[in-house]
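Asker: need the 3D shape of this:
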Amino acid sequence: MKVNKIMAGKLLLSLVIVFGLTVTSCSKGSSSKNSSTATGWKINDKKGGFQYASNFKKQATGPGLVMVEGGTFTMGKVQDDVMHDWNNSPNQQHVQSFYMDETEVTNLMYMEYLDWLKRVFPPDQENYKNIYEGASPDTLVWRNRLGYNETMTNNYLRHPAYASYPVVGVNWIQAVEFSKWRTDRVNENTLEQQGYLKKDAKVTQVSADKTFSTETYLAAPTKTMGGDEEIVLKGRRNSKAKPGKADKDGNVKEAKNVYAQRSSGLILPEYRLPTEAEWEYAAAADVGQREYNIYKGQKKYPWSGSYTRSGKRQVRGDQLANFKQGKGDYGGIAGWSDDGADITNKVKSYPPNDFGLYDMAGNVAEWVADVYRPIVDDEASDFNYYRGNVYTKNKIGEDGKAEIVTAETQVFDTLSNGRIIARNFPGEIAQVPVDEKETYLRQNFDKSDNRNYRDGDKQSTRYFKFGGAEEEDNPKTKEAHRMYDSPVHNVSTDSLGGMVRKYDKSSKRTTLVNDNVRVYKGGSWRDRAYWLDPAQRRYFPQDMATDYIGFRCAMSRVGPKADKKKRPRN
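Answerer: Numbers count the residues shown, from 1 in each chain. Here you go, the predicted structure:
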């Protein structure tokens, strides 16, 4: 009897030990970064399976960008409206955190873009003759009928004396295309550094049929860079870590035959133009002046106070921005009371705002992404507000695979002034509008082009009756659809291929507003102080350029709102 009790005790002790070890091993397995908490399977297994950046910490800050922590603010609040535009009624908005260029895009930055285009798509070849010319800034914007500005016409873009000056003569479309190019070059460089692309191939082996596209790499990596497997490598090559384990930098070496994906955490979101809400929020920079927060009002300028001159003791009286002082006064008196510039000025010539952004007032005005409307529709959206969404998707061929743009299928736009601009490049995935497959029974969007949503479309008219098919043929509905009766300038070709420009001289046009005019923000070297207010807004045709509008890029932030330590739980 005694022996049986001893044996039973030993058996019970063994069961407890085994059970404890089992629980411990399960606990360890579920907490491991390289084990799934859903299935217990290994992640980043050297034999294959699910590959994921389990050691990802935070989004890398792209070249030239600074972090702008998002929040709420009063958009459109101005202290003066001497123009009586009534186009900036105050409304409360919220923007997510994002990144923005520290300075405006400079001549040097844009020249790098032009140099790349010229090397990859030689202008002397018939297929590519319009690419370089279409991307080049319009240097003739400097000319004035009663002014001598030929020095800027000939030198401003390319002379090294102006290298750090903001690029001008760039229309909205060109700014968008530059942003796309920049996205691909930055991600191409990142993937090369991480061992997914052959080292220096972006310089030594790049050609029209071997260009890197971020979206092509993500959707069809075997077609990237012309499908050259010696350039586009299967798996990381320079990581010192063993497959499935992280090196000292936190990089996990994937198994063989695995390309980088969004789940790798290496590929940055796209560079793009900031939305109007983002630009105004970043320019106002209320974050640094709590007394000017949304509940008590908004600053008149990107800096504190109601004056354009510094009140700091060492630099008291110095101008805080580059703008037109008065009639015939673009810079002040030489050597005294001078803002240091007569036209544009070098970036970073004036103090940054509280987000660390330079020249958010003055120097050059800046393109933003939005289509212009006199009213910001805060009833429809008060979160990441943006008017201008045109949704597209990858074009899929008959073989079920994404179609890659070639020199023969490349798309060019002929602008209203006759200029020809490339809208995509060989190596990219061809895009088409979204259709019923994406919109059917959706509540959040029902068509591809949403630029005139709730403002100019048929649903916005008082003649439209939802569910009434007969309203489609109502002449009043069709007429009301042209809410913005802007001029229509046509460019066509004759039977010999010559360009025919037809200027709209109709006297019945009532507005310049349409779906192709874009907002630009901030004052410039040509503007009086009135336009330095971040809330002021103006518009200009997207296919035209001036000597006072430039741009800067933005990038969305993924992950947490800010890099802050977790608050301790009570």
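Asker: assign a three-state SS to the closest residue to residue 262 other than its chain neighbours, would you?
Answerer: Nearest residue to residue 262, sequence neighbours excluded (C-beta to C-beta, 6 or more residues apart in numbering): residue 218, at 6.4 Å. (Each C-beta comes from the backbone N, C-alpha and C, glycine too.) Following DSSP: H, G, I helix; E, B strand; the rest coil, we place residue 218 in the helix state.
Asker: OK, contacts around residue 218?
Answerer: 261, 262, 267 (C-beta atoms under 8 Å, 6 or more residues apart in numbering).
Asker: likewise for residue 343?
Answerer: Residue 343 touches 152, 330, 525, 547, counting by C-beta under 8 Å, 6+ apart.
Asker: save the residues you listed as TSV, and put in secondary structure and distance to residue 190 too.
Answerer: Shown next, in TSV, are those (DSSP: H, G, I helix; E, B strand; the rest coil; distance: C-beta to C-beta, whole Å):
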residue	secondary structure	distance to residue 190
152	helix	36
330	coil	42
525	coil	36
547	coil	35
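Asker: pLDDT below threshold where in the stretch 151-300 of the chain?
Answerer: Low-confidence segments of the stretch 151-300 of the chain, defined by pLDDT under 70: 237-257, 288-298.
Asker: partner strands of the longest strand anywhere in the chain, parallel or antiparallel?
Answerer: Assignment by DSSP state E gives strand 365-371 as the longest strand of the chain. Looking at strand 365-371 with DSSP bridges, its partner strands are strand 517-521 (antiparallel), strand 549-550 (parallel).
Asker: give me the contact list for the first one.
Answerer: Taking contacts as C-beta under 8 Å, 6+ apart, the residues outside strand 517-521 that touch it are 172, 276, 279-280, 283, 365-372, 388, 486, 534, 536-542, 549.
Asker: what's the answer for stretch 349-364, then?
Answerer: By C-beta under 8 Å, 6+ apart, the list of residues contacting stretch 349-364 reads 66, 68, 100-104, 166, 168, 282-283, 285, 287-289, 301-303, 310, 319-323, 340-341, 344-345, 347-348, 522-525, 527, 532, 534, 548-550.
Asker: how does it look with 6 Å?
Answerer: 66, 68, 103-104, 166, 168, 282-283, 285, 287-288, 301-302, 320-323, 344-345, 347-348, 522-524, 532, 548, 550 (C-beta atoms under 6 Å, 6 or more residues apart in numbering).
Asker: try stretch 207-217
Answerer: With C-beta under 6 Å, 6+ apart as the criterion, stretch 207-217 contacts 120-121, 183-184, 187-188, 224-226, 426-429.
Asker: mind giving me the PyMOL select for those residues, buried ones only?
Answerer: The PyMOL selection below is limited to those of the contacts of stretch 207-217 classed as buried (16 or more other C-beta atoms under 10 Å):
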select buried, resi 120+121+183+184+187+188+224+225+226+426+427+428+429
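Asker: residue 439: what's it in contact with?
Answerer: Counting by C-beta under 6 Å, 6+ apart, residue 439 has contacts residue 446.
Asker: so it versus residue 450, what's the distance?
Answerer: From residue 439 across to residue 450, the span is 11 Å (C-beta to C-beta, to the nearest Å).
Asker: all helices of the protein, in order?
Answerer: 2-31, 107-120, 129-135, 150-155, 172-193, 201-204, 214-219, 276-284, 436-439, 475-481 (DSSP state H).
Asker: straight-line length of stretch 58-69, end to end?
Answerer: The stretch stretch 58-69 measures 14 Å between its terminal residues, going by C-alpha to C-alpha, to the nearest Å.
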